[in-house]
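Trainee: Mind folding the following:
(chains A and B)
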There are 2 protein chains.
Amino acid sequence: MEKKIKVFAPATVANVGPGFDIFGLALEGIGDELEVSLRDDSAIKIHPIEEYENLPTDPDLNVAGVAIKALLKELDSQQGFEIVIRKRVMPGSGLGSSASSSAAAAYAANELLGSPFSKKELVRFAMEGERATSGKAHADNVTPSLLGGFTLVRSYGPLDVVSIPYPKELYVAVVHPQIEVKTADSKRILKREVALEMAISQWGNVAGLVAGLASGDFDLIGRSLEDHIVEPIRSVLIPGYAEAKHQAIVSGALGCNISGSGPSIFALTEGKATAEKVARAFDEYYTDLGIDHKVYVSGINAEGAKTINKLAEKV
Amino acid sequence: MEKKIKVFAPATVANVGPGFDIFGLALEGIGDELEVSLRDDSAIKIHPIEEYENLPTDPDLNVAGVAIKALLKELDSQQGFEIVIRKRVMPGSGLGSSASSSAAAAYAANELLGSPFSKKELVRFAMEGERATSGKAHADNVTPSLLGGFTLVRSYGPLDVVSIPYPKELYVAVVHPQIEVKTADSKRILKREVALEMAISQWGNVAGLVAGLASGDFDLIGRSLEDHIVEPIRSVLIPGYAEAKHQAIVSGALGCNISGSGPSIFALTEGKATAEKVARAFDEYYTDLGIDHKVYVSGINAEGAKTINKLAEKV
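Mentor: Prediction:
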């Protein structure tokens, strides 16, 4: 077994249009890095997080600590860990920041313990990290962050996560307008009941999106990337949302919607060139608005959580 | 052009578990047959229907007449037709009886007029037949009856129907307990609002079903064949439903649910032998209950509406 490992788990886009609480996809190039090492005692020690000193280092409050403790509990293990978190996904961005740390932590601990669990099995530990930060053990970000690709959380009882096939030429353009939207606030404004007619229209789009992804039908993907239930409510919290979406569509995006609970906005495209064009349009628009922002262009990250390197000799 | 044609359009299973109002599949071997011929005048004449003398022959009330008139209206045509309907799908069975006649009529008229429309385009005319019988222009039965296969009605505005790939070894066992459940009654008892949590669980299953069909993952198809919204309400109208479903599952079915608005019950299986076993279990159970019933074993009908033969010389 290794004693120390450096791992990466990607940022993610959850919901992906109609799939509120069920769909997610993993991004390339952006994600949290963790250095995790085995300790000789049973302590879980989390170093203060660079640039985010307000994030907790108490392992019962920090998502990485919570995820690792959930894994250890199932193994009935007293193993201690030392954790250095390098956050590259800004908390509150809507790009699965907490999920990225949770997934990376569960993945790293599992690797250091000789991989007793599959990546799919790690989802339920990483979910506990989500519970620590949002009050609910969501799996829609941690699943793609662990598994990569485009994923479905079909069910929570029992937990059933599924990888959805998707075409290689699918790309994502993302803009993160740097305003603060707390996930908990964003959940609170949702209605607890929906009209049956609207729910039917939503699951029609959910079915269309999966069919379009599986068959590589980009037009169908675009037509299905609609959400009449959550987008109308959450989009009002994102300045410039309607115009940003319009800019994405006229720049050739298949569709555009809110990433997770926002404020990030994502667009899907056929091919990288179009994603770059959409990203430029996002950039120009938010520059004109005078709102600080970041843009990303990414393929779908097929790999998910991964080892960057092993930092110490085998023991 | 032909002057007279004999056509077949299959019976169908709508909803298919979680896909209320969006999914449908076409059955083999069971469906309505229509003989349709061109008249020299502009009259639409429907012969009295054998065994179903109470079905209307007025073309403004009969679903076949309504579907053909909708097609003629779009063509701005005054062409008359003579229609003989041989119903093999019992009305009120939950197997798309009216849809089968509507689809066959639209298909036959289109063939006799030189095929101005594709099968997909015929959906919107056949839907008008559904409007005549149920008050709403549903497309979930007419789409698979026309196109064959496993279909999705993604949207009504605009109408967007999609063929979903499915594995060849997918089979269907059906039992039709011959009690009367009117579709209109069955619709009326549904709630108009659903809890968001329940809707999320439903679209998780919708996504899982499409993913399972597209990738040939029979286990996933089975796990996804759940419906927590409509089944609990409608199943109470079907005597013996819970036990019939239990019998299907213990006989090896992937899943079992209500066909359309019932009272027919369908089960999906991997392979024909299991479908036959499930059909025997259905048969024995309803025989024991003393309820008249029919059982069917079928693959998925890939072809949909088709010409059986051309009955007159070309003109």
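Trainee: quick one: A:Ala9 from A:Pro158, how far?
Mentor: Applying Cβ to Cβ, to the nearest Å, the value for A:Ala9 to A:Pro158 is 24 Å. Where you see a C-beta, it was placed from the backbone N, CA and C, and this is true even at glycine.
Trainee: Show me which of those two is the more surrounded one.
Mentor: Taking neighbours as other Cβ atoms under 10 Å in any protein chain shown, A:Ala9 and A:Pro158 compare with A:Ala9 leading, 32 against 8.
Trainee: Helix or strand with the lowest mean pLDDT in chain A?
Mentor: Ranking every helix and strand in chain A by mean pLDDT, DSSP states H and E puts helix A:183-188 at the bottom, with a mean of 64.
Trainee: and the next element down the chain from it?
Mentor: Remark: after helix A:183-188, the chain's next helix or strand is strand A:193-195, criterion DSSP states H and E.
Trainee: Around chain B, pick out the residues from the stretch 51-200 of chain A.
Mentor: Residues of the stretch 51-200 of chain A lying close to chain B by Cβ under 8 Å from any Cβ of the partner chain are A:152-155, A:160, A:162, A:164-165, A:190-197, A:199-200.
Trainee: if we go to 7 Å?
Mentor: By Cβ under 7 Å from any Cβ of the partner chain, the residues of the stretch 51-200 of chain A that approach chain B are A:152-155, A:160, A:162, A:164-165, A:190-196, A:199-200.
Trainee: Which among the residues you listed count as buried?
Mentor: Among those, the ones that count as buried by 16 or more other Cβ atoms under 10 Å in any protein chain shown are A:Leu152, A:Val153, A:Arg154, A:Ser155, A:Asp160, A:Val162, A:Ile164, A:Val194, A:Leu196, A:Ala199, A:Ile200.
Trainee: I'd say the last one and B:Phe23 touch.
Mentor: No. Shown here, A:Ile200 and B:Phe23 do not form a contact pair, counting by Cβ atoms under 7 Å, at 11.0 Å.
Trainee: Could you list which residues are in contact with A:Pro116?
Mentor: Going by Cβ atoms under 7 Å, 6 or more residues apart in numbering or on different chains, A:Pro116 touches A:Leu75, A:Asn110.
Trainee: burial count for A:Phe20?
Mentor: 24.
Trainee: Can you check the pLDDT for it?
Mentor: Looking at A:Phe20, its pLDDT reads 96.
Trainee: What sits closest to it if chain neighbours are left out?
Mentor: Spatially, and ignoring its direct neighbours in sequence, A:Phe20 is nearest to A:Val230 (4.9 Å; Cβ to Cβ, 6 or more residues apart in numbering or on different chains).
Trainee: In a helix, A:Ala244, correct?
Mentor: Yes. Assigned with DSSP: H, G, I helix; E, B strand; the rest coil, A:Ala244 falls within a helix.
Trainee: That one: how many residues sit nearby?
Mentor: 23.
Trainee: likewise A:Ser77?
Mentor: A:Ser77: 13 surrounding residues under other Cβ under 10 Å.
Trainee: Kindly report the same for the one 4 residues further on.
Mentor: The burial count assigned to A:Phe81 is 24, neighbours taken as other Cβ under 10 Å.
Trainee: any weak-confidence spans in the stretch 101-250 of chain A?
Mentor: Residues of the stretch 101-250 of chain A that meet the criterion pLDDT under 70 lie in A:181-188.
Trainee: where exactly do the strands run in the stretch 151-300 of chain A?
Mentor: Taking DSSP state E, counting those that start in this stretch, the strands of the stretch 151-300 of chain A run over residues A:159-164, A:170-177, A:193-195, A:255-258, A:265-270, A:293-299.
Trainee: Does anything pack onto the second one? Which helices or strands?
Mentor: So the one you mean is strand A:170-177. Packing partners of strand A:170-177 (3 or more Cβ pairs under 7 Å, 6 or more residues apart in numbering or on different chains; DSSP states H and E): strand A:265-270, helix A:272-289, strand A:293-299.
Trainee: Out of those, the one nearest A:Ala108 is which?
Mentor: Closest to A:Ala108 of those is strand A:293-299 (Cβ to Cβ; 22.7 Å).
Trainee: List the pairing partners of the helix or strand just after that closest one within its sheet, with orientation.
Mentor: For strand A:293-299, the following helix or strand on the C-terminal side (DSSP H and E) is strand A:306-310. Paired neighbours of strand A:306-310 in the sheet (DSSP bridges): strand A:4-14 (antiparallel).
Trainee: pLDDT at the nearest residue in space to A:Phe23 that is not next to it in sequence, what is it?
Mentor: Counting by Cβ to Cβ, 6+ apart, A:Phe23 lies nearest to A:Val16, which is 4.1 Å off, once chain neighbours are set aside. For A:Val16, the pLDDT comes out at 98.
Trainee: try the one 10 residues further on
Mentor: At A:Ala26, the model reports a pLDDT of 98.
Trainee: need the next SSE after whichever strand or helix holds it, C-terminal direction.
Mentor: Using DSSP H and E, A:Ala26 maps to strand A:23-38. Tracing the chain past strand A:23-38, the next element assigned as helix or strand by DSSP H and E is strand A:44-46.
Trainee: what's that next one packed up against?
Mentor: Where contact means 3+ Cβ pairs under 7 Å, 6+ apart, strand A:44-46 is packed against helix A:63-75, strand A:81-86.
Trainee: How far off centre is the longest one?
Mentor: Pointing back at helix A:63-75 there. The gap between where helix A:63-75 is centred and where its chain is centred comes out at 19 Å by Cα atoms, centre = their mean, to the nearest Å.
Trainee: Can you name the residues in contact with that helix?
Mentor: Helix A:63-75 has contacts (Cβ under 7 Å, 6+ apart) with A:34, A:44, A:46, A:59-60, A:79, A:81, A:83, A:85, A:98, A:101-102, A:105-106, A:109-110, A:116, A:125-126, A:128-129, A:132-133.
Trainee: Quick one: work out the angle between it and strand A:81-86.
Mentor: Taking axes from the mean of the first three to the mean of the last three Cα atoms, to 10 degrees, one finds helix A:63-75 and strand A:81-86 inclined to each other by 150 degrees.
Trainee: Measure how helix A:63-75 sits relative to strand A:23-38, angle-wise.
Mentor: Helix A:63-75 runs at 80 degrees relative to strand A:23-38, counting by the same axes, to 10 degrees.
Trainee: Same check on the shortest one?
Mentor: Orientation of strand A:81-86 against strand A:23-38 (the same axes, to 10 degrees) gives an angle of 130 degrees.
Trainee: and strand A:81-86, which strands flank it?
Mentor: strand A:23-38 (antiparallel), strand A:44-46 (parallel).
Trainee: quick one: the last one to chain centroid distance?
Mentor: Using Cα atoms, centre = their mean, we find the averaged C-alpha position of strand A:44-46 to lie 24 Å away from the chain's own average C-alpha position.
Trainee: That strand: which residues count as buried?
Mentor: By neighbour count with 16+ other Cβ under 10 Å, strand A:44-46 contains the buried residues A:Ile44, A:Ile46.
Trainee: Show me the contact partners of it.
Mentor: For strand A:44-46, the surrounding residues in contact (Cβ under 7 Å, 6+ apart) are A:Thr57, A:Pro59, A:Asn62, A:Ala64, A:Gly65, A:Ile68, A:Lys69, A:Gly80, A:Phe81, A:Glu82, A:Ile83, A:Ile85.
Trainee: Looking at those residues, which two lie furthest apart in space?
Mentor: Farthest-apart pair in the contacts of strand A:44-46 is A:Gly80 and A:Ile85; separation 16.5 Å (Cβ to Cβ).
Trainee: follow-up on the earlier one: which among the contacts of helix A:63-75 count as buried?
Mentor: With burial judged by 16+ other Cβ under 10 Å, the buried subset of the contacts of helix A:63-75 is A:34, A:44, A:46, A:59, A:79, A:81, A:83, A:85, A:98, A:101-102, A:105-106, A:109-110, A:125-126, A:128-129, A:132-133.
Trainee: Can you flag which of the residues you listed belong to strands?
Mentor: A:Leu34, A:Ile44, A:Ile46, A:Phe81, A:Ile83, A:Ile85 (DSSP state E).
Trainee: So the first one versus chain B, what's the distance?
Mentor: Between A:Leu34 and chain B the distance, using Cβ to the nearest Cβ, to the nearest Å, works out to 30 Å.
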